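Participant: build me a model from this:
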Amino acid sequence: MNSRPTSAAAERSRMRLVVLQALVLALFSTLLVRLWYLQVASGDDYRAKAASQSVREVVVQPDRGLIVDAQGRPLVANRSSWVVSIDRTTLGQLSTDEQDLLLERVAKALHHKVKDVRARLLNCGTEGSVAGTCWNGSPFQPVPVDDDVDQQTAQLIREQAEDYPGVVVQEQSVRAYPRPYGVEAAHVLGYLSPVTEDELTAAEKKSDLSVNGASQVGRAGVEKEYDAYLRGMPGYQHVAVDSKGRVLGESGRDDAVPGDTLVTSIDAKVQGVAESELHKAILAARARTDRNGVHYRADSGAVVVLDAHTGRVIAMASEPTYDPGIWVGGITQKQLSHLYSEKAGTPLLARAMQGQFAPGSTWKPIMTVGAMLNGMGPDTRLNCSPSVQIGNRAFGNYESESFGMIDFKTAITVSCNTFFYRVGLHFWQKYGSDPANENARDPLVAEAKKFGFGKATGIDIPGEASGRIADRHWKRAYYDSMKKYYCGLAKHPGDASAFVKLFAKEFCAEGYLYRAGDAANFAIGQGDTIVTPLQLARAYAALANGGTLYRPTVGKAIVDADGKLVKRIEPVAQAKVRIPRSVLAYVRDAMNNVTLAGTLAGTFAGWPQDKVTMHGKTGTAEVYGKQTTGWVGSYTKDYVVVSMISQAGTGAGANSVVVRKIWDTLYGFGEDAKSSRPAIPGVTETDALPVFSPDGAILPPARKENE
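Facilitator: Residues are numbered from 1 along each chain as shown. Down below sits the predicted model:
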């Protein structure tokens with residue numbers, strides 16, 4: 001009766017056992033297949049991944065490209081430097097006590113404070129980080145804690161690697177300054193500093209692999225303008241480490257690609273003379289006194305030398321200046337404060353292109369062109385009286401000279417102010433005697449703008465100032481911006497001086513009016529109009545070449561590390577000032593007469609005018625509350641030389657030696673006018689580039705056989 005149920009139960013048990021056996025077999029089969037896949041099919045890949053866990057990638061910064069002058073002389077080169085970095089991944093694997101011990105050991109070896117080393121390990125943007133010292137790079141990249149370590153210290157850390165787990169020591173290049181002919185050229189060359197977080201983010205968005213967290217980027221001068229060419233492409237060093245982060249050796253390397261070389265139009269010999277003579281002239285000016293017996297401050301100065309037919313910058317010097325090498329390895333706060341210090345003269349300010357000054361009588365040739373294009377001419381004669389009454393004020397000549405009725409040529413030669421006051425007054429009375437009419441025609445203002453004044457020249461150095469044309473529109477805009485301040489001062493003058501009280505009252509009432517006195521001042525380069533030395537040099541170049549305004553350029557060509565031409569930086573003609581030949585010839589003749597019988601006759605005594613005709617103009621600008629600023633602008637068929645020294649007296653008195661020394665250097669004429677060797681061989685071959693030899697040597701440009 002019970003045999004059938006028993007048989008059914010046994011059958012079910014056997015089925016369960018079979019299913020269980022099948023499941024176990026399937027699991028073992030899956031496991032075996034997976035083991036085979038991991039160990040056989042993908043074994044090589046996983047072994048490589050496992051091995052990579054003991055390898056660290058260290059970015060190898062490329063050699064930055066050289067910056068050379070037009071003859072191939074290095075202005076900026078590179079030198080070897082040892083860099084000590086800490087791998088934060090390895091550091092994080094150590095205990096707190098081990099971390100403290102390691103950082104103390106590193107700080108002691110590098111002669112730093114522990115807190116400074118810790119500051120460099122912080123990611124920028126995190127709590128406690130300080131811009132300029134924090135880390136912008138990848139969290140997996142070893143962080144540089146000192147980038148200019150002496151070789152003995154670097155080798156010591158390398159040899160005692162067991163005491164420095166996670167510390168990487170490598171050699172890389174930093175900027176060096178060979179200083180041919182004593183050249184600094186700090187404002188032209190610029191400097192480098194660590195990449196910022198914003199710059200790194202921007203580079204990542206553009207997939208720009210040339211920038212990384214340890215990069216140094218250009219901050220000023222041609223270092224900034226041509227940074228993309230100069231920086232090169234980084235490489236990678238693969239370093240094997242053990243479980244504690246101790247370096248076992250190098251396991252591979254992807255070589256860095258060096259940056260391109262920038263060939264500039266700067267001539268180191270001319271640049272050296274410009275810098276040294278400007279500095280000496282400033283010191284000499286400080287030894288002299290003004291009319292009141294007060295020593296001239298001579299607080300700043302600038303020199304610009306241009307190729308008249310291309311706009312290329314041959315030399316550009318500014319005072320005060322500084323040693324560009326102070327940025328290498330990181331600048332101290334004390335040094336940085338000095339560069340921005342007004343007491344020190346703000347050395348970081350490039351006076352040649354950022355300094356803005358009243359041009360004084362160097363303005364008169366431009367005004368002559370404007371006057372002759374609008375009704376006046378060679379036969380125009382005006383009174384060069386000791387003074388001229390305009391409104392309620394007498395406008396006088398410098399030292400009250402009187403030359404009677406004269407023409408433009410004589411007025412330029414003797415630099416007569418009252419003659420040009422009358423020129424300015426003439427056009428004001430003819431076109432704009434309503435001082436409230438902002439749109440009145442002004443031929444002299446229009447001509448100044450055609451010569452490029454009032455806007456930046458576009459030079460290939462960042463940070464250029466635009467200057468200012470103080471015309472009717474500017475005066476209205478300035479009044480609108482300052483009315484509230486001066487009207488408030490007029491109502492509540494406090495302890496202001498009598499002059500300030502009167503000025504505030506008059507400005508509040510009618511500061512927007514463009515009066516006859518404004519037009520008169522404009523015609524002699526005084527008042528609120530200001531220019532940079534570079535702007536004046538470019539305008540004089542237009543007088544020299546027939547009216548073409550060129551964009552001033554320092555860069556001449558880009559050449560790769562193998563000496564192959566990457567790019568030529570061609571001259572750019574920006575505008576053409578339409579000047580009739582007769583007018584241009586007249587102005588040139590007048591400016592030549594300045595060097596023969598005028599205010600520059602002493603400066604160019606003995607100059608061989610039969611070989612090279614010299615043209616020039618002096619300027620002495622007077623600014624309320626300051627001593628006079630002196631200018632000399634000069635040009636030949638080939639070059640332009642402009643020199644300016646602020647608060648140093650008359651133009652020729654302050655700048656004559658500077659200008660003459662530069663001209664003698666350019667053409668090879670000594671003081672006795674005997675020909676020697678010019679600074680720039682073959683002045684007509686301005687497009688020639690240095691020769692880059694296969695062995696790495698850089699030679700001067702090849703010359704024609706007939707030179």
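Participant: for the stretch 151-300 of the chain, just list every one of the strands.
Facilitator: 167-176, 192-194, 216-218, 235-241, 247-254, 261-264, 300-307 (DSSP state E, counting those that start in this stretch).
Participant: just name the most buried of those strands.
Facilitator: Ranked by average neighbour count under the criterion mean count of other CB atoms under 10 Å, those are headed by strand 300-307 at a mean of 28. In this view, the C-beta of every residue, glycine as well, is placed from N, C-alpha and C.
Participant: and the next helix-or-strand element following that one, how far out from the chain middle?
Facilitator: In the C-terminal direction, the helix or strand that comes right after strand 300-307 (DSSP states H and E) is strand 313-319. Relative to its chain's centre, strand 313-319 lies at 11 Å (CA atoms, centre = their mean, to the nearest Å).
Participant: just checking: what are the partner strands of strand 313-319?
Facilitator: strand 300-307 (antiparallel) (DSSP bridges).
Participant: and the partner strand, C-alpha only, in PDB?
Facilitator: This file holds the C-alpha atoms of strand 300-307, laid out as PDB (Å, rounded to 0.1, in the frame of the first residue of the first chain):
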ATOM      1  CA  SER A 300      62.600 109.000 -15.700                       C
ATOM      2  CA  GLY A 301      63.600 108.800 -19.400                       C
ATOM      3  CA  ALA A 302      63.200 106.800 -22.600                       C
ATOM      4  CA  VAL A 303      65.000 106.200 -25.900                       C
ATOM      5  CA  VAL A 304      63.400 104.700 -29.100                       C
ATOM      6  CA  VAL A 305      65.300 103.800 -32.200                       C
ATOM      7  CA  LEU A 306      63.300 102.700 -35.200                       C
ATOM      8  CA  ASP A 307      64.000 101.600 -38.800                       C
END
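Participant: what about the residue nearest to Gly345 when sequence neighbours are not counted, neighbour count?
Facilitator: What sits nearest to Gly345 in space, not counting adjacent residues and going by CB to CB, 6 or more residues apart in numbering, is Pro320, at 4.0 Å. Using other CB atoms under 10 Å, Pro320 is surrounded by 19 other residues.
Participant: now do the same contact list for Pro320.
Facilitator: Taking CB atoms under 8 Å, 6 or more residues apart in numbering, we find Pro320 in contact with Ser300, Ala344, Gly345, Thr346, Pro347.
Participant: list phi and psi for it.
Facilitator: Pro320 adopts backbone torsions of phi -70, psi 160, taken as degrees, to the nearest 10.
Participant: from Leu536, how far off is it?
Facilitator: 21 Å (CB to CB, to the nearest Å).
Participant: same check, this time on Phe419
Facilitator: Separation of Phe419 from Leu536 (CB to CB) stands at 21 Å.
Participant: next one: Ala542
Facilitator: Separation of Ala542 from Leu536 (CB to CB) stands at 11 Å.
Participant: and this structure, what are its domains?
Facilitator: If you go by automatic domain parsing, the domain ranges for the chain are 55-264, 360-523.
Participant: for Asp638, find the nearest of the ones you listed.
Facilitator: Closest to Asp638 of those, according to CB to CB: domain 55-264, at 14.1 Å.
Participant: centre of the chain to that closest one, how far?
Facilitator: Offset of domain 55-264 from its chain centre (CA atoms, centre = their mean): 23 Å.
Participant: with stretch 310-317 instead?
Facilitator: Taking the mean of its C-alpha atoms, stretch 310-317 sits 13 Å from the chain's own mean (CA atoms, centre = their mean).
Participant: can you list contacts of that stretch?
Facilitator: Against stretch 310-317 from outside (CB under 8 Å, 6+ apart): 70, 185, 187-188, 264-267, 270-271, 273-275, 278, 302-307, 352-353, 459, 534, 538, 541, 550-554, 556, 571-572, 639, 662, 666, 680, 686.
Participant: pull out the buried residues from the residues you listed.
Facilitator: Applying a neighbour-count criterion of 16 or more other CB atoms under 10 Å, the buried members of those are 70, 185, 187-188, 264-267, 270-271, 273-275, 278, 302-307, 352-353, 459, 534, 538, 541, 550-554, 556, 571, 639, 662, 666, 680, 686.
Participant: got the strands of the stretch 151-300 of the chain as TSV, with distance to Ser13 and mean pLDDT columns?
Facilitator: Listed next are those as TSV, based on distance: least, CB to CB, whole Å; pLDDT from 0 to 100:
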stretch	distance to Ser13	mean pLDDT
strand 167-176	68	88
strand 192-194	78	87
strand 216-218	80	91
strand 235-241	60	76
strand 247-254	61	69
strand 261-264	89	98
strand 300-307	106	98
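Participant: can you put those strands in JSON lines and add distance to Asp434?
Facilitator: Conversion of the strands of the stretch 151-300 of the chain to JSON lines gives the following (distance: least, CB to CB, whole Å):
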{"stretch": "strand 167-176", "distance to Asp434": "59"}
{"stretch": "strand 192-194", "distance to Asp434": "53"}
{"stretch": "strand 216-218", "distance to Asp434": "51"}
{"stretch": "strand 235-241", "distance to Asp434": "70"}
{"stretch": "strand 247-254", "distance to Asp434": "73"}
{"stretch": "strand 261-264", "distance to Asp434": "51"}
{"stretch": "strand 300-307", "distance to Asp434": "39"}
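Participant: coming back round to it: inside helices: which ones of the contacts of stretch 310-317?
Facilitator: Restricting the contacts of stretch 310-317 to those inside helices, with DSSP state H as the criterion, leaves 187-188, 270-271, 273-275, 278, 352-353, 534, 538, 541, 662, 666.
Participant: pick the one among the residues you listed closest to Asp560.
Facilitator: Taking CB to CB as the measure, Asp560 sits nearest to Val188 out of the ones in helices among the contacts of stretch 310-317, at 22.6 Å.
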